[in-house]
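A.B. asks: Have a look; sequence and predicted model below, questions after that.
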Amino acid sequence: MGVWEKMDDATLEMVKKQKAFEDETVKRLTPLYNTVKNPLVRMFLHRIILDTMKHSDTYQALIDLNTRAVVGEIDKQRMGETLATHITEESEMLNRAIELSQAVTDKNFRRIVEGIVEDERQHHALLKELFELLKKEGTAWNRYLYDITTDFP
């Protein structure tokens with residue numbers, strides 16, 4: 001038995017429709033993003049597109065978790081190697097973003113970079129936690145994956 005409660009059919013159908021709506025929104029916004037020349041408008045559109053894609057992926061995960069009893073096996077060795085490399089890269093991204101945030105003098109630009117710093121902190125912590133969890137199996141793994149959904153989206 002999984003660690004999460006399954007949705008009823010009506011709720012699952014709502015999730016599927018919402019995922020489809022998110023996907024359609026990405027399709028509609030992408031051509032606009034590709035043609036806009038203003039860098040600030042492009043930045044905001046890109047953020048909306050990426051967030052909408054993340055929402056679609058999150059809805060898909062809910063659908064998948066609702067239709068499967070357990071999370072499928074992963075290639076732990078390959079994932080471990082990739083995570084170890086990316087943890088190092090995220091640490092470097094975080095350090096560079098912090099340095100950049102301290103160098104930016106415009107308050108609005110600084111706030112944007114500080115948002116990136118916070119994202120990098122979250123990425124780094126999540127990757128380290130996921131790396132440690134690779135050592136666990138079964139229920140502990142599924143419990144972790146269930147519990148991290150509280151931080152999404």
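C.D. replies: Ah, there it is.
A.B. asks: Helix or strand for the most far-flung residue of the chain relative to its centre, just tell me which one.
C.D. replies: Each residue of the chain has a distance to the centre, and by C-alpha atoms, centre = their mean the biggest one is for Thr105: 29.4 Å. If you go by DSSP states H and E, Thr105 is not part of any helix or strand.
A.B. asks: Next, give phi and psi for the spatially most central residue of the chain.
C.D. replies: Nearest to the mean C-alpha position of the chain, by C-alpha atoms, centre = their mean, lies Lys54 at 6.0 Å. Backbone torsions for Lys54, taken as degrees, to the nearest 10, come to phi -60, psi -40.
A.B. asks: just Asp8 next, same as before
C.D. replies: phi -70, psi 170.
A.B. asks: Near it, how many other residues are there?
C.D. replies: Look at Asp8: counted by other C-beta atoms under 10 Å, it has 10 neighbours. No exception for glycine: its C-beta is placed from N, CA and C like everyone else's.
A.B. asks: ok, it to Asp64 distance?
C.D. replies: Separation of Asp8 from Asp64 (C-beta to C-beta, to the nearest Å) stands at 17 Å.
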